[in-house]
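Undergrad: Dropping the sequence and predicted coords here.
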Amino acid sequence: MTIIDAHTRLIINDQIIKKEDFTKETIKKYFKESLKGLKLNTIITDGYSAYPEIIEEIRAKHHTCTFHMMQRLMLPLQKLLNKLNRSIKSLEEQIEKNTEKIEQLKNKIPLKKGRAKKTDKKRIKNQNQRKKLKVENDKNKFKLKQINKEIKEYIEYKEKISKIFKSKSIKTAMNRFNKLNEKFDEMPEIIQNFMKKLSKKLEITLNHTKNKKIPSTNNLAELLFRVTFPGKIKRIFRTYKGAKRQIRLNNLNWTKRNVLGEN
């Protein structure tokens, strides 16, 4: 089985393709050049919208990288979690600040048993200030509890979704998806949005559970690009030709180590 990874950073006939030139025609050219002499079975993609139509044209099986699919959830979710964590930090700081003020007020006018006399205006004012700060702290503690509960809920949903992709069989994966999707109306909006997207691409995202020869992700190919085409190459070589030569050499060495098992 030959598995081709369709990656957004392409090198075709030793030509590095610019981001703005990354079009359907470029991708078709990439497949045409890359697939020469190869028996094609599956193409793993990162979810780019142009791939399905092109892959259908060349009659290959299409698999969406589960890592990139999870990224679609994690990017907006992490943004939300960061916001919630900032709220937690702010509330904790306010509680600490109020607690210090309460202690300062206690030290300013020592507590006495019983009610303060109506004529003791300073003591009454002190007590009211402490009471107000305590009420504010109680409200903030309640907010903290609710936010932590919300964060826990999001993390639980994330773990349940992750388990779908980690399933050992398609039956287990579908059972986990269906069980989770049954509670769609109870889900937070951000999870609902992801589940809608996942339901449309569920079949091509779970190919790896039906065929063990299909990797769940394109991590190996991503690693190849990071090793053979790091940004620093562009800075250390004097000529474009020299950079390309080094890329090919790194590519060859990486293939020997990670694919052929040679030292």
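TA: Yes, it's here.
Undergrad: The residue nearest to residue 209 when sequence neighbours are not counted - how many residues pack around it?
TA: Spatial nearest neighbour of residue 209, excluding adjacent residues (Cβ to Cβ, 6 or more residues apart in numbering): residue 170 at 4.4 Å. Placement of C-beta: from N, CA and C, glycine included. For residue 170, the count of nearby residues is 15 (other Cβ atoms under 10 Å).
Undergrad: Who are the contact partners of the residue sitting nearest the centre point of the chain?
TA: The residue lying closest to the centre of the chain (Cα atoms, centre = their mean) is residue 74, at 2.9 Å. Taking Cβ atoms under 8 Å, 6 or more residues apart in numbering, we find residue 74 in contact with residue 158.
Undergrad: Make sure it is indeed in a helix.
TA: Yes. Under DSSP: H, G, I helix; E, B strand; the rest coil, residue 74 sits within a helix.
Undergrad: how far is the helix or strand residue 107 falls within from where the chain is centred?
TA: Assigned by DSSP states H and E, residue 107 falls within helix 66-108. On the basis of Cα atoms, centre = their mean, to the nearest Å, helix 66-108 sits 20 Å off its chain's mean C-alpha point.
Undergrad: what's the answer for stretch 56-64, then?
TA: Remark: stretch 56-64 is offset 25 Å from the chain centroid, using Cα atoms, centre = their mean.
Undergrad: And the lengthiest helix in the chain, what does it pack against?
TA: When the chain is parsed with DSSP state H, its longest helix is helix 121-165. Packing contacts for helix 121-165, counted by 3 or more Cβ pairs under 8 Å, 6 or more residues apart in numbering; DSSP states H and E, involve helix 66-108, helix 170-181, helix 189-205.
Undergrad: of those, which approaches residue 31 most closely?
TA: Closest approach to residue 31 among the helices and strands packed on helix 121-165 (Cβ to Cβ): helix 189-205, 17.0 Å.
Undergrad: report the angle between the axes of that closest one and helix 170-181?
TA: Relative orientation of helix 189-205 and helix 170-181, computed by axes from the mean of the first three to the mean of the last three Cα atoms, to 10 degrees: 160 degrees.
Undergrad: mean confidence score for the helix or strand following helix 189-205?
TA: Using DSSP H and E, the helix or strand that follows helix 189-205 in sequence is helix 207-210. For helix 207-210, mean pLDDT is 91.
Undergrad: Pull out the buried residues from helix 207-210.
TA: Going by neighbour count (16 or more other Cβ atoms under 10 Å), the buried part of helix 207-210 is 207-209.
Undergrad: Kindly indicate which of those residues lies nearest residue 127.
TA: residue 209 (65.3 Å).
Undergrad: so how far is residue 176 from the closest one?
TA: Per Cβ to Cβ, to the nearest Å, residue 209 is found 11 Å from residue 176.
Undergrad: intersection of neighbour lists for those two?
TA: With Cβ under 8 Å, 6+ apart, residue 209 and residue 176 have common neighbours residue 167.
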